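Enquirer: compute the structure for the input listed below.
(3 chains)
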Amino acid sequence: MRWPDRLAAVSGALLLLAVLVPMGLMLWSLLAQGSGVLSVDFLLEDPSQAGRAGGIAALLISTGWILAVCLLVAVPLGLGCALYLSEQVPAGTRRAQWLGGVLDMLAAVPSIVYGLFGYQFFAISLGLGFSILSGGLALALMVLPLMIRSAEQALRAVPFSYRQAGEALSISRWGWVKRILIPQAAPGIAVGIILSIGRALAETAVLLFTAGYVLRRPDSVMDSGRALSVHIYDLAMNVPGGMPRAAATGLVLVAILVILNLLVRRWLRPAQGVLY
Amino acid sequence: MMPPSLELQGVCVHYGNQAAIEQASLTVGGGELMALVGPSGCGKSSLLGSINRMTDSIPGCRVSGRVLLGSEVVSARHDSATLRRQIGMVFQQPNPFPLSIIDNLRFPLSEHGVPRRERDGRAEQALRAVGLWEEVKGRLHQSALGLSAGQQQRLCIARALVLQPRVLLLDEPCSALDPVSSKVVEELIVSLKGRYTLLMVTHNLAQARRIADSVTVCWMQEGCGCVVESNGCRQVFEHPSHPITAAYCAGEAG
Amino acid sequence: MLTTSSPPRADRLLSWGLRLAGAAAVLVLGGIVLVLLMQSAPFLLDHGSDLWRNDWQPGQARYGMAAMVAGSIVVSVLALLLAGPLAVLLAAWLRYFAPALRRPMLALVELMAGIPSVVYGLWGMLVLVPWINQWAPPGASWLAASLVLALMILPLALLVTDTALGQLPVRYLQAGQALSLSRVGMLRRVLLPQAGPAIVSGLVLQFGRALGETMAVLMVAGNVVQWPGSLFDPVRTLTANIALEMAYATGDHRVALFASGLLLLLVTALLLLLSWRLRGEKHALA
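Expert: All right, here's what the predicted structure looks like:
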């Protein structure tokens, strides 16, 4: 009776290798291509020759601005929506189910569709053109479902006993939210913000037709700016000889994401926890 | 000034189609302590929650009947905030806010519009009333969650008292505490008699016998709770008029 | 005697602010659908049936997308066939045969899930495509795209399965242990079937993700508009098409691309509804 289990144990290990080996190869190939170019200067210099030479300073700046616009819109809006859900929509009601459905739908929309929408609505209809503003706004819409879900989870997790005590004392809704609910849920909300940052950094398709491609440092949010992820794509596909720097940029991006992941894991989430 | 009496007339609590308790009537004399006893599930906590309208926030919950404070019918009033200032509540599980000890008391005061200069005075008054002042006066700014369970419960009582209610509703305030803390809280409740009108749900018949002035016995009938007998404490325990009361008290008394 | 309670005005403002925020999510979804519809409606009404022909030559006003629809489908189906069983078996193995490895592996998998698609695409270009090129030029092909996509959807498929297995009542496993049944047998006859709906629902969602993926596929699929014949043929997906041609498309061409975006949106929505139905969830929309 034991042999199926023993066989399964071994085959499982093989399956594990089937996953780990490609991942290892991926990391190795990036390192092989890009480590030669990676240095502190790489982070501090601006790109030249269409990115074939130089560093990624301008891109780090552009990415930072796009991220800032994105968070400035997505965090308040997401938190507000999550508060609406936790305070005015009891779990399990029809409205909760409908809103949950809408959020799931938004989360499932392909990023290129967000890009199309952003292009048509922000760049053209609102006249923002190819700009950091367009890109940031489109990105904000993309991370909104994630932000709302994380924040909602954190808010609903605040112990019911506090709420009961507040009710019995007729604490106002605003007082409750300000003094008890948000401070208690703050770590979970912070996790949501970090997850949203990670998601935003990884996105490319949304930015192609909203933030544009321009390689130099942006002067304002109305300027076009190139994000790190778009840079990787451009160097890899459109610039001959751009591979080493594409790989190096990839390493930088992955490193940032790993740090964010560790931050969430170590400081803010004590036990298990799955992103989705 | 004597606190008002609390009277319930024919109060019914329904959750959707399910009746929790029907036609509950009782009268707590001003300044007296009434014990609400009966087996689990016969709607005692629901009844308590209907008095200060905690039931308002439960979806699908309907309450009918009248609640009177003294001679005033309070159940018809729409403003639950004012009601909850007059009728305070203490829960089974101590639930202080995750704030400092002093902020636990300042927060409700600021919410209810008490001017800043009065708040600390009222907080100290409330803490003295529950016997906590000497124990915590040196650490008012430490988190309330660092107190022992018994101290937390006394803090919760202080928090309810800080709004200067006339009536106090207590839902098994001692059952989550160890025997020593339980005794301290019980003595505190006794000391509140005369200044407040108290209605206390309890499973502990010995406790009811010890400290209550009057007792209301609840029972389950046809899947729904009801009031079986409501009388002075000695009456209920020594000369019960209802056979259920006799059986219940005999089974658990002593 | 206390006077008034805390200003109800603040509460009312808060209530309304929150209600607006709550409406935001609905507005965004509505906005996306509306914009896409508005952009593609006139085109759809005129050329609707053309889209299903295999004849994509925008220069000559031919907008048959069939080849690219096929490209999207075959790339995603193969990716699911590769990643799905692997994810399920691996998740089961980690839970019941190598529990010590489970936490670290799940941590690694979470990390994998966060890696940008361009990085996966980059790896595909650096390693996979040249490798395939050795056996069957040109290397950038249906197979390359599916392999990269499989690696991308594996992490979430694994996490979904793990969660689904974790939600099974403990008593099943206990009963099996008490009767000294093999874990393989338990998995095959009881655990996996019980978790089945939840797992399949998750896989359907991942299939949707694969269909919607743009960058990685763009970088390794070859992007030739042709009907996918063999695994080694270069193909172009609907998503890659939008990314490649939007930059210079005008007039009807542009509108055709929007129409393809609308198609993607619709398919995604349908797959989502399917996944809800499978999970047996009582969503008001399903």
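
Enquirer: sketch out the low-pLDDT regions of the stretch 51-200 of chain A for me.
Expert: For the stretch 51-200 of chain A, applying pLDDT under 70 flags no range at all.

Enquirer: now the strands for it?
Expert: Assignment of strands within the stretch 51-200 of chain A using DSSP state E, counting those that start in this stretch yields the ranges A:53-54.

Enquirer: residues from it in reach of chain B?
Expert: Counting by CB under 8 Å from any CB of the partner chain, the residues of the stretch 51-200 of chain A close to chain B are A:90, A:93, A:159, A:161-162, A:164-172, A:175, A:179-180, A:183-184. (Glycine included, C-beta is placed from N, CA and C.)

Enquirer: in helices only, show me the residues you listed.
Expert: Judged by DSSP state H, the subset of these located in helices is A:S161, A:Y162, A:Q164, A:A165, A:G166, A:E167, A:A168, A:G175, A:P183, A:Q184.

Enquirer: what is the most widely separated pair among the residues you listed?
Expert: Every pair in these was compared (CB to CB); the two farthest apart turn out to be A:A168 and A:P183, at 20.1 Å.

Enquirer: so where does B:E229 fall, helix or strand?
Expert: Taking DSSP states H and E as the definition, one finds B:E229 inside strand B:224-232.

Enquirer: what helices and strands are in contact with that strand?
Expert: Counting contacts by 3 or more CB pairs under 8 Å, 6 or more residues apart in numbering or on different chains; DSSP states H and E, strand B:224-232 packs against strand B:18-28, helix B:44-51, strand B:214-221, helix B:243-252.

Enquirer: for the helix-or-strand element of chain B with minimal mean pLDDT, C-alpha coordinates in CSV please.
Expert: Taking mean pLDDT, DSSP states H and E as the measure, helix B:243-252 is the helix or strand of chain B with the lowest mean score, a mean of 78. Coordinates of each C-alpha in helix B:243-252 appear next as CSV, following Å, rounded to 0.1, in the frame of the first residue of the first chain:
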residue,chain,number,x,y,z
PRO,B,243,-43.5,25.6,38.3
ILE,B,244,-40.7,26.3,35.8
THR,B,245,-39.2,28.9,38.1
ALA,B,246,-39.3,26.4,40.9
ALA,B,247,-37.7,23.7,38.9
TYR,B,248,-35.0,26.0,37.5
CYS,B,249,-34.1,27.5,40.8
ALA,B,250,-34.2,24.3,42.7
GLY,B,251,-32.0,22.6,40.2
GLU,B,252,-29.3,25.2,40.3
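
Enquirer: name the helices or strands packed onto that helix?
Expert: Helix B:243-252 is packed against helix B:205-211, strand B:214-221, strand B:224-232, helix B:233-238, with contacts defined by 3+ CB pairs under 8 Å, 6+ apart.

Enquirer: the second one pairs with which strands, and in what direction?
Expert: So that's strand B:214-221. For strand B:214-221, sheet partners with direction are given as strand B:33-37 (parallel), strand B:224-232 (antiparallel), following DSSP bridges.

Enquirer: and that strand, which residues are buried?
Expert: B:S214, B:V215, B:T216, B:V217, B:C218, B:W219, B:M220 (16 or more other CB atoms under 10 Å in any protein chain shown).

Enquirer: now do the first one
Expert: By neighbour count on 16+ other CB under 10 Å, the buried set for helix B:205-211 is B:L205, B:Q207, B:A208, B:R209, B:I211.

Enquirer: contacts for that helix, please.
Expert: B:33, B:35, B:37, B:174, B:186, B:189-190, B:202, B:215, B:233, B:237, B:248-249, B:252-254 (CB atoms under 8 Å, 6 or more residues apart in numbering or on different chains).

Enquirer: repeat that for the second one.
Expert: With contacts defined as CB under 8 Å, 6+ apart, strand B:214-221 is touched by B:21, B:24, B:26, B:28-29, B:32-39, B:41-44, B:47, B:208, B:225-233, B:236-237, B:242, B:244-245, B:248-249.

Enquirer: if we can go back for a sec, any chance of a markdown table for the buried residues of strand B:214-221, columns pLDDT?
Expert: Listed next are the buried residues of strand B:214-221 as a markdown table, based on pLDDT from 0 to 100:
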| residue | pLDDT |
| --- | --- |
| B:S214 | 94 |
| B:V215 | 93 |
| B:T216 | 93 |
| B:V217 | 92 |
| B:C218 | 91 |
| B:W219 | 90 |
| B:M220 | 87 |
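
Enquirer: quick check: the farthest pair among those residues?
Expert: B:S214 and B:M220 (21.6 Å).

Enquirer: rewinding a little: looking at the buried residues of helix B:205-211, which is nearest chain C?
Expert: Proximity of the buried residues of helix B:205-211 to chain C, judged by CB to the nearest CB, is greatest for B:I211, which lies at 29.2 Å.

Enquirer: one step back: mind checking which of the contacts of strand B:214-221 are buried?
Expert: With neighbours counted by 16+ other CB under 10 Å, the contacts of strand B:214-221 contain buried members at B:21, B:24, B:26, B:28-29, B:32-38, B:42-44, B:47, B:208, B:225-233, B:236-237, B:244-245, B:248-249.

Enquirer: got a list of what the residue nearest the centre of chain C touches?
Expert: Nearest to the mean C-alpha position of chain C, by CA atoms, centre = their mean, lies C:R209 at 0.9 Å. Neighbour list for C:R209: A:A108, C:M152, C:I153, C:L156 [criterion: CB under 8 Å, 6+ apart].

Enquirer: just those: which are in strands?
Expert: With strands taken from DSSP state E, there is no overlap with the contacts of C:R209.

Enquirer: closest to chain B out of those residues?
Expert: A:A108 (29.6 Å).

Enquirer: and the strands in chain C, which stretches?
Expert: Shown for chain C, the strands assigned by DSSP E span residues C:56-57, C:62-63.

Enquirer: residues touching C:R19, list them.
Expert: Shown here is C:R19, whose contacts under the criterion CB under 8 Å, 6+ apart are A:Y84, A:Q88.

Enquirer: and it, what pLDDT?
Expert: pLDDT for C:R19: 83.

Enquirer: any idea how far it is from chain B?
Expert: 18 Å (CB to the nearest CB, to the nearest Å).

Enquirer: farthest-apart pair in the contacts of helix B:205-211, please.
Expert: Within the contacts of helix B:205-211, two members stand farthest from each other by CB to CB: B:V190 and B:Y248, at 23.5 Å.

Enquirer: specify the beta-bridge partners of the closest residue in space to B:G232 that isn't next to it in sequence.
Expert: Excluding the flanking residues, the one nearest B:G232 by CB to CB, 6 or more residues apart in numbering or on different chains is B:S214, at 5.3 Å. Going by DSSP bridges, B:S214 is paired in beta bridges with B:M34, B:G232.
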